[in-house]
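>>> Need a 3D model of the following:
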Amino acid sequence: MFAIIGILVVLGAVVGGYLMEHGNLLVLLQPAELIIIGGAAIGTVLIGNPLPTIIRIGKGFISVFTPSGFSKAFYLEHLKLLNELFQYARKNGAVKLEADIEDPSKSELFSKYPKFIKNHHALYFVCDTLRMFVSGGVSPFELDQMMELDMEVHHAGANEPVSALTTVADSLPGLGIVAAVLGVVITMGAIGGPPEEVGHKVAAALVGTFLGILMCYGFLGPMASSMSKANEAESHYYHFLRVGIASFVRGAAPMLAVEFARRTIPSEVRPTFKEMEDYCKGRAGEKAPAAEEAA
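Numbers count the residues shown, from 1 in each chain. Next up is the predicted model:
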């Protein structure tokens, strides 16, 4: 929502200021300049990135216009998941978890959290770590290192589309100059003709530079920044899971391990201890998180 508002503000400010100076909007409509700049930008993406990265760029664009899923309700649900997971392991022994982590889709424990099951990387992140814990012979420090390595690889992959989009954004002013130079070449061929025709071609050439700079600093650059912030929010989530699991395997009581995890949640979406305790123990209304998500 805010991304759409931001785009409208950028367009409104640029077009509004242009009209205040009695500019002619039709002069800015230069399809040829857009084809040169836009086509060249798409080409640079195809040249510099493999298909999986290009697909992730498309998904990243979609995420810019959708609200973040990492809300307080989201974290409350996952705090409850960790609490139930740790309570089950403490009560029945870690070995009892083996059936649940081997096939989470058929686990009664995980089946109560369908959103978590759909997040395949988070599901495997938790289950693979617990699988090593159940198998024994792995120290808590080594498990923590495994999770850290997993997070580093995942974070690097998530940042690839951001880097690619930033590179394209940085290239747009240069591509705008390319379009402007081509316009100047066309203008040189028209010298000697009617002044109105020469002026129109000069204006068209300058529009190329204008579009390249506007697309860079007004649209693609901020979109890349928004995608980067979304990746940071996801990194906070995996750090949350890592701290909770690491605390439990080091011997912390289930609620203490969950409290360690809660302390890692960013302050703007972090539930209070009372909210966490009530929700984990079922004293809070079960519909509250769903209602907050919808809001």
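>>> Where does pLDDT dip in the chain?
Counting by pLDDT under 70, the chain contains low-confidence ranges at 1, 283-295.
>>> how far away is the most centrally placed residue in it from Ala164?
Of all residues in the chain, the one closest to the mean position by Cα atoms, centre = their mean is Ala230, 3.1 Å from it. Distance, Ala230 to Ala164, using Cβ to Cβ, to the nearest Å: 15 Å. Any C-beta I mention is one placed from the backbone N, CA and C, and that applies to glycine too.
>>> do the same with Gly16
When Gly16 is compared with Ala164 (using Cβ to Cβ), they lie 32 Å apart.
>>> Equivalent analysis for His200, please.
Taking Cβ to Cβ as the measure, His200 falls 36 Å from Ala164.
>>> Kindly report the same for Thr66.
20 Å.
>>> the more surrounded of these two?
Under the neighbour definition other Cβ atoms under 10 Å, Thr66 and Ala164 were set side by side, and Ala164 has more, 21 against 10.
>>> What sits closest to that one if chain neighbours are left out?
Asn49 (4.9 Å; Cβ to Cβ, 6 or more residues apart in numbering).
>>> ok, now which ones touch that neighbour?
Neighbouring residues of Asn49 by Cβ atoms under 8 Å, 6 or more residues apart in numbering: Ile57, Glu160, Ala164.
>>> In strands only, show me those.
With DSSP state E as the criterion, strands contain none of those.
>>> mind putting those in JSON lines, distance to Glu277 included?
Supplementary listing: the contacts of Asn49 in JSON lines, determined by distance: Cβ to Cβ, whole Å:
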{"residue": "Ile57", "distance to Glu277": "42"}
{"residue": "Glu160", "distance to Glu277": "40"}
{"residue": "Ala164", "distance to Glu277": "44"}
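>>> which one among these gets closest to Leu175?
Checking these against Leu175 with Cβ to Cβ, the nearest one is Ala164 at 15.4 Å.
>>> returning to that earlier point: now do the SS call for the residue nearest to the centre of the chain.
Remark: Ala230 carries the secondary structure label helix [criterion: DSSP: H, G, I helix; E, B strand; the rest coil].
>>> thought it was touching Thr66?
No - the criterion here is Cβ atoms under 8 Å, and Ala230 misses it with Thr66 at 9.4 Å.
>>> how much space between the residue sitting furthest away from the middle of the chain and Pro173?
For the chain, the C-alpha lying farthest from the average C-alpha position belongs to Gly192; by Cα atoms, centre = their mean, that distance is 53.5 Å. In this structure, Gly192 lies at 31 Å from Pro173, with Cβ to Cβ as the measure.
>>> sorry, back to before: contact partners for the residue nearest to the centre of the chain?
Ala230 is in contact with Gly60, Ser63, Val64, Ser68, counting by Cβ under 8 Å, 6+ apart.
>>> my guess is Asp170 contacts Cys216, does it?
Yes - counting by Cβ under 8 Å, Asp170 sits close enough to Cys216 to count as a contact (6.9 Å).
>>> These two: which has the busier surroundings?
The neighbour count for Asp170 versus Cys216, taken as other Cβ under 10 Å, is higher for Cys216 (22 against 13).
>>> Now that one: closest residue in space that isn't a chain neighbour?
Nearest to Cys216 is Leu172, by Cβ to Cβ, 6+ apart, at 3.9 Å.
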